[in-house]
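>>> structure, please.
(one chain, ligands or ions: 1)
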Amino acid sequence: MDFGLSPDQERLQEEFRDFFKREMEKAPAGWVGGNVEEPYLSDENWAFHVKMARKLGEKKWLMLALPEEYGGINASPVVQMIFNEVAGYYKAPGVDVFGVKMIGPVIHAMGNEEQKKVHLGKIASGEILWCQGWSEPDAGSDLAALSTSAVRDGDHYIVQGQKIWTTGAHRADWIFLLVRTDPETNRSRGITFLLADLKTPGISVEPIVMMDGQHSFNQIFLDDVSIPVKNRIGEENEGWKVAKAISNFERTGILPVGYIERELEELIQYCKETRSLGKRLIDDSSVRHRLADLAVEIEAARALFYRIACLHETGEFMESVALSSAAKVFTAELYQRLIYAGCHIMGLFSQVKHGSKWAPLKGAFERLYQHCPGENIAAGTSEIQRNVIAWTALGLPRS
Ligand SMILES: Cc1cc2nc3c(=O)[nH]c(=O)nc-3n(C[C@H](O)[C@H](O)[C@H](O)COP(=O)(O)OP(=O)(O)OC[C@H]3O[C@@H](n4cnc5c(N)ncnc54)[C@H](O)[C@@H]3O)c2cc1C
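Presented below is the predicted three-dimensional model:
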């Protein structure tokens, strides 16, 4: 669909496409790509991710929207969206979701000058990679119930507690944490936002292996960890404001529409090339209708994302809150519908793993079938996104 890009935006789009097309020819053999977890799954994937991050950093494309002094090119939110779409389409690594799409923009918007100088350049160059320490065993959807404590001791906080589901912590360099600094309240008002080097003594990272045997999750134990006060973003006990700002970036950052579109294109190609009971899969009208429905939904998702980018461009951030939740829940569920449709169309072949000559599309759907439900949980579950839409966009009651 033509969104009326300017000649400059079209030129940049072409540059992004050329770059990723060329670079993705060097992807490791088993690379499925497109999802946040992929870079963490093997040493080979991680090396590819880091190399790509540094290349993008050199081009100043990692954090395009930053001013030049911090390593960006002052690009508009729409250009950032174009970049996300193209990188997603090529299933490219390099963009550290936690650094580039979450903590980087927040440090730029809410950090002090020293924090910007220390961190932004390293995020924008791909030198330092991040992870997100928010969820705890008893605090997920109800994040404000978190209990990891931080007690002020001079110019440091002493942190004690546990985080869980921390994607990529076994490979990242730094972590951003939500901690409780006011034990008198068990809700959002007593929470503070801290940044920590993962090499700080007292931090230990333990793996959690997923049902498909892969390792991207971890749990983190924090035992008397000393974190400098200068690593605090915002005021003490006001970390919730920072967390809310990050959530908006997170919801629009994890599942690019370009990636879902690419999966659909590959599925269509498979249906054109594969025969069942003497005819091509694509000759079955029920298959064609299912693919057509997905194509319509992809365009709807794209329109939502561009609407959010336009609101950011005009500074209407509050108007984008419910739309970010809408974009997140719609694309996560659309992605799941696409993977399920693919598995249905492929039949039992969809269960064959990568490496077998019988595996369609290099076994991607076998992996993605197990992975895609997680997209409805990460960054806030679909139920929580629907709550946000109900409360903020529709003014419905909270109980
Ligand atoms: C792929 C993936 C990556 C992740 N990466 C990270 C990470 O890097 N860092 C990190 O900190 N966390 C991460 N998480 C954790 C994620 O943020 C939490 O799993 C999520 O917030 C849900 O919390 P929970 O698992 O405790 O489920 P719960 O909050 O216990 O929810 C259980 C069920 O109850 C429903 N529910 C809960 N409250 C309500 C309500 N008020 N209204 C309606 N329904 C409700 C939920 O929708 C869900 O279906 C990741 C999760 C996944 C799946």
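>>> what residues does the stretch 251-399 of the chain have near the ligand?
Applying the criterion C-beta under 6 Å from any ligand atom, the portion of the stretch 251-399 of the chain that neighbours the ligand consists of Gly374, Ile377, Ala378, Gly380, Thr381, Glu383, Ile384, Asn387. The way it works is simple: take the backbone N, C-alpha and C, and place the C-beta from them, glycine included.
>>> which residues does Asn45 contact?
Contacts were defined as C-beta atoms under 8 Å, 6 or more residues apart in numbering; by that measure Asn45 touches Pro28, Gly30, Trp31, Glu38, Pro39, Pro93.
>>> what sits against Ile260?
Contacts for Ile260 (C-beta under 8 Å, 6+ apart) come out as Gly88, Ile298, Ala301, Thr331, Leu334, Tyr335, Leu338.
>>> which ones among those map onto helices?
Secondary structure assignment (DSSP state H) places Gly88, Ile298, Ala301, Thr331, Leu334, Tyr335, Leu338 from the contacts of Ile260 within helices.
>>> wait, which of those is closest to Gly239?
For Gly239, the closest of those turns out to be Thr331, at 27.6 Å, with distances computed as C-beta to C-beta.
>>> so that closest one touches Leu255, yeah?
Yes - contact criterion C-beta atoms under 8 Å: Thr331 and Leu255 qualify, at 4.8 Å.
>>> and the residue in the chain positioned nearest to the ligand, how many neighbours?
Closest approach of the chain to the ligand (C-beta to the nearest ligand atom) occurs at Gly140, with a separation of 1.8 Å. Residue crowding around Gly140 was assessed by other C-beta atoms under 10 Å; the count is 17.
>>> then Arg152?
Using other C-beta under 10 Å, Arg152 is surrounded by 12 other residues.
>>> pretty sure it sits against Val229.
Yes - Arg152 is in contact with Val229 according to C-beta under 8 Å; the separation is 7.4 Å.
>>> quick one: Thr148 from Tyr157, how far?
The span separating Thr148 from Tyr157 equals 11 Å under the rule C-beta to C-beta, to the nearest Å.
>>> and for Phe98?
Phe98 is 21 Å from Tyr157, by C-beta to C-beta.
>>> report the rounded mean pLDDT for the helix or strand where Ile260 lies.
In this structure, Ile260 is located in helix 257-273 according to DSSP states H and E. Per-residue pLDDT values over helix 257-273 give a mean of 97.
>>> just how off-centre is that helix within its chain?
The gap between the average C-alpha position of helix 257-273 and the chain average comes to 21 Å, counting by C-alpha atoms, centre = their mean, to the nearest Å.
>>> list the buried residues in it.
When burial is assessed from 16 or more other C-beta atoms under 10 Å, helix 257-273 yields the following buried residues: 257-264, 266-268, 270-271.
>>> against Ala150, how distant is the residue of the chain closest to the ligand?
In this view, Gly140 and Ala150 are 20 Å apart by C-beta to C-beta.
>>> same question for Val242.
When Val242 is compared with Ala150 (using C-beta to C-beta), they lie 14 Å apart.
>>> okay, the two: which has more neighbours?
Higher neighbour count among Val242 and Ala150: Ala150, with 27 against 24, using other C-beta under 10 Å.
>>> what sits up against the helix or strand containing the more buried one?
Per DSSP H and E: Ala150 is located in strand 149-153. Residues outside strand 149-153 that contact it (C-beta under 8 Å, 6+ apart): 157-161, 179-181, 183, 192, 194, 226-227, 229, 236.
>>> likewise stretch 116-132?
Stretch 116-132 is contacted by residues 50, 53-58, 60, 62-63, 66, 70-72, 94, 96, 98-100, 102-104, 107-108, 111, 166-169, 171-176, 195, 198 when judged by C-beta under 8 Å, 6+ apart.
>>> out of the residues of the stretch 251-399 of the chain next to the ligand, give me the two with the largest separation.
When C-beta to C-beta is used, the two most widely separated members of those are Gly374 and Asn387, lying 19.5 Å apart.
>>> close to the ligand, is the longest strand anywhere in the chain?
For the chain, the longest strand by residue count, based on DSSP state E, is strand 215-228. No - using C-beta under 6 Å from any ligand atom, strand 215-228 stays clear of the ligand, coming no nearer than 6.7 Å.
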